[in-house]
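Student: Predicted model and sequence follow; I will ask about them next.
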Amino acid sequence: MIDGVIALYIFMLAGFTGYEVISRVPVILHTPLMSGSNFVHGIVLVGAMVALAGADSTLLRVIGFIGVVLAAGNAVGGYVVTERMLKMFVLTGKKKGP
Amino acid sequence: MPAAATLETLMQLSYLAAAALFIFGLKRMSSPVTAASGVRWAGVGMLLATAVTLAFMRDASPMNFALVIVAIGIGGIVAWISGKRVAMTDMPQMIALYNGMGGGGAAAIAAVELYGGHTQNIVHLAIATIGGFIGAVSFSGSLIAFAKLQGLITRSIRFGGQKFLNLAILLIAAGAGAMAVTGAGLGSGLPVVSLLFAFALLLGVAMTVPIGGADMPVVISLYNALTGLAVAFEGFVLDNAAMIIAGTVVGSAGTLLTQLMAKAMNRSLGNVLFSNFGETSAAAGGAAAGAQKAIEASDAGVMMAYSQKIIIVPGYGLAVAQAQHKVWELTQLLLDRGVKVRFAIHPVAGRMPGHMNVLLAEAGVPYDLISDLDEINAEFETADVALIIGANDVVNPDARSNKSSPIYGMPILNADKARNVIVIKRGQGQGFSGIDNALFGLDQTRMLYGDAQSAVSQLIQGVKAAG
């Protein structure tokens, strides 16, 4: 159980972390980084899984099922497109990836 | 009981590791050298968290467990295939789509909490409601953004009093949310919860339809940050530290990224959301100074072959013509002759800041040849040729000097300072925004008319012929 005040501390520290982590990102990476952070919030998948696992009526199962489908799409799709974009970035003289 | 407690601890530690991997991955993603490994580290975190959650779902009924597996399979496979197939030019709308799905996932978690009525804790209910509201707005808003960039919606719908209508929708949703939280214990919450989600979805649509295509990247980035926030809120409700940390990190990183993008595009966030700009009121610019002078590709090729330094300015027209590979071929030819070639990328050169870099990277252009506006602007003065391909407004000197121009004040690439300017352009018409470009009439400017793909092919022949 995460205590209310502890949760606020986590919020605060994670907030500053997010800001610091990308504060010096060059413009050339804006699109991939947006895609990458989009992938990271795909962690919503585990929440949707827990919600569906605990569903005890047809209505809740339907909503939970849609939630898991959407969240899985976020996680998998976000990963695939980010990886595709980033592996194309190469330096002069280096061979392009497969 | 001790065994169960140990397993619980193991699960929490796995979430902790996943959160650490996300932050580490994002950090590596902010430098081009380490970026590709960054997303893989974050991917490991995601796999770990998902696998552990699945392994510890012992309390779930077999039916629910099966539903979870099937749902992951459907969502995962569809997203995998669409993500592998999408063209690099369509990347912005795909990001919008996946982001919207995440928002929908967060909203679904909130809906299960609110409809289920298992929680009486008013703080939990309030946070679930706020997160669900934000998630639903992000869901429908992102879908509209996707539809607009995909060309499914071509008009921007605007009318008087639109802001007040949006405000009214927001207030109704907020009222329904407040009633859902306070009335949950009364057992009368269900219709109110439905009202909340209906109006939250409506708000996402209503907020996004008036925004023009040019501003869409900023909006997508904003929805990305909002989804992060929604995920963090639902993480609190579910007692899941990995969701709180990952969601909050994305929320703040996404907010910063939104500001950076808006700044790069010379727009403020408030402007994007509330000013109904996006499609410029055209024709306010002054008439182009001189007449446009054409050049033959063979002459242009010779000029480039005997240059010392060339700066290429690619615009979205290059991507539309799918000419990136040809441009790289031309560049390699010039590099082999000892010509210094650089690419100058304006922040709005693609459909999203950084999008043009992705498109050039796809063609094989190494990123150390690519410079952004601040790095390269001083170098135009020493360049023999500035080659403009499918770009227009981002090299219009009116933005610096002509106060009556609609793009006055926008940061531009100073291509007009180069000794010679060659502009590859389809015809004599105006650009994307319908503004005349003073660059085209300058003494040192020559126009090479034609589709970017064939014009660059001719340039390659021209350079080869120069011997």
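Tutor: Thanks, I have it.
Student: Please name every helix or strand in contact with the longest helix along chain A.
Tutor: In chain A, taking DSSP state H as the definition, the longest helix is helix A:58-86. If you count contacts as 3 or more Cβ pairs under 8 Å, 6 or more residues apart in numbering or on different chains; DSSP states H and E, helix A:58-86 packs onto helix A:30-40, helix A:44-53, helix B:35-55, helix B:62-85, helix B:91-116. The way it works is simple: take the backbone N, C-alpha and C, and place the C-beta from them, glycine included.
Student: Correct me if wrong: B:Y98 contacts A:G78.
Tutor: Yes: with contact defined as Cβ atoms under 8 Å, B:Y98 and A:G78 form a contacting pair (4.9 Å).
Student: between those two, what contacts are shared?
Tutor: Residues touching both B:Y98 and A:G78 by Cβ atoms under 8 Å, 6 or more residues apart in numbering or on different chains: A:N38, A:F39, A:G42.
Student: now these in CSV, with distance to B:R351, neighbour count and pLDDT?
Tutor: As requested, these are exported to CSV (distance: Cβ to Cβ, whole Å; neighbours: other Cβ atoms under 10 Å in any protein chain shown; pLDDT from 0 to 100):
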residue, distance to B:R351, neighbour count, pLDDT
A:N38, 16, 34, 95
A:F39, 20, 33, 96
A:G42, 23, 33, 96
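Student: Show me which of those residues is closest to B:L190.
Tutor: Taking Cβ to Cβ as the measure, B:L190 lies nearest A:G42 of the shared contacts of B:Y98 and A:G78, at 29.5 Å.
Student: where's the nearest residue to the closest one once chain neighbours are set aside relative to B:L257, distance?
Tutor: On the basis of Cβ to Cβ, 6 or more residues apart in numbering or on different chains, the spatially nearest residue to A:G42 that is not a chain neighbour turns out to be A:A75, at 3.0 Å. As for A:A75, its distance to B:L257 is 19 Å (criterion: Cβ to Cβ, to the nearest Å).
Student: and these two? which has more neighbours close in?
Tutor: Between A:A75 and B:L257, counting by other Cβ atoms under 10 Å in any protein chain shown, A:A75 is the more crowded of the two (33 against 27).
Student: what's near enough to touch that one?
Tutor: A:F39, A:G42, A:I43, A:V44, A:L45, B:M46, B:T50, B:G76, B:A79, B:G102 are the contacts of A:A75 under Cβ under 8 Å, 6+ apart.
Student: for these, which one is nearest B:D336?
Tutor: Out of these, the member with the shortest distance to B:D336 (by Cβ to Cβ) is A:F39, at 38.8 Å.
Student: what's the distance between the closest one and A:G77?
Tutor: On the measure of Cβ to Cβ, A:F39 and A:G77 end up 8 Å apart.
Student: The closest residue to chain A within the stretch 1-150 of chain B: how many residues sit nearby?
Tutor: Proximity of the stretch 1-150 of chain B to chain A (Cβ to the nearest Cβ) peaks at B:A108, 2.6 Å away. Residues lying near B:A108 (other Cβ under 10 Å) number 32.
Student: before we move on, back to that, for A:F39 and A:G77, list the residues in contact with both.
Tutor: Common contact partners of A:F39 and A:G77 (Cβ under 8 Å, 6+ apart): B:Y98.
Student: Which residue is the nearest non-sequential neighbour of the residue in chain A that chain B sits nearest to?
Tutor: Closest residue of chain A to chain B, Cβ to the nearest Cβ: A:G67 (2.6 Å). Take A:G67 and drop its neighbours on the chain: the residue closest to it by Cβ to Cβ, 6+ apart is B:A108, 2.6 Å away.
Student: which ones are touching that neighbour?
Tutor: Here B:A108 is in contact with A:A48, A:A51, A:I63, A:G64, A:I66, A:G67, A:V68, A:L70, A:A71 (Cβ under 8 Å, 6+ apart).
Student: do the same with B:T53
Tutor: Here B:T53 is in contact with A:V46, A:M49, A:V50, B:M11 (Cβ under 8 Å, 6+ apart).
Student: among those residues, who's most crowded?
Tutor: Highest neighbour count within the contacts of B:T53, by other Cβ under 10 Å: A:M49, with 30 neighbours.
Student: That one and B:M57 touch, don't they?
Tutor: Yes: contact criterion Cβ under 8 Å: A:M49 and B:M57 qualify, at 7.1 Å.
Student: which stretches of the chain aren't confidently modelled?
Tutor: You didn't say which chain, so I picked chain A. A:1-2, A:92-98 (pLDDT under 70).
Student: not what I meant, chain B
Tutor: The low-confidence ranges in chain B, as defined by pLDDT under 70, are B:1-4, B:184-189, B:275-290, B:428-435.
Student: Which elements pack onto whatever helix or strand B:V421 lives in?
Tutor: Using DSSP states H and E, B:V421 maps to strand B:420-425. Judged by 3+ Cβ pairs under 8 Å, 6+ apart, the packing partners of strand B:420-425 are helix B:297-305, strand B:385-389, strand B:445-449, helix B:452-465.
Student: I'd like the distance from the longest one to the chain centre, please.
Tutor: The offset between the C-alpha centroid of helix B:452-465 and the centroid of the whole chain comes to 32 Å, using Cα atoms, centre = their mean, to the nearest Å.
Student: One more: the second one?
Tutor: Mean-position distance between strand B:385-389 and its chain equals 26 Å (Cα atoms, centre = their mean).
Student: what sits up against that strand?
Tutor: Contacts for strand B:385-389 (Cβ under 8 Å, 6+ apart): B:303-304, B:307, B:309-315, B:317-318, B:323, B:327, B:380, B:395, B:415, B:418-425, B:439, B:452, B:455-456.
Student: Can you list the neighbours in contact with whichever helix or strand comes after it?
Tutor: Next in sequence after strand B:385-389, counting helices and strands by DSSP H and E, comes helix B:398-401. The contact list for helix B:398-401 (Cβ under 8 Å, 6+ apart) reads B:285-286, B:393, B:405, B:407-412, B:414, B:435-438.
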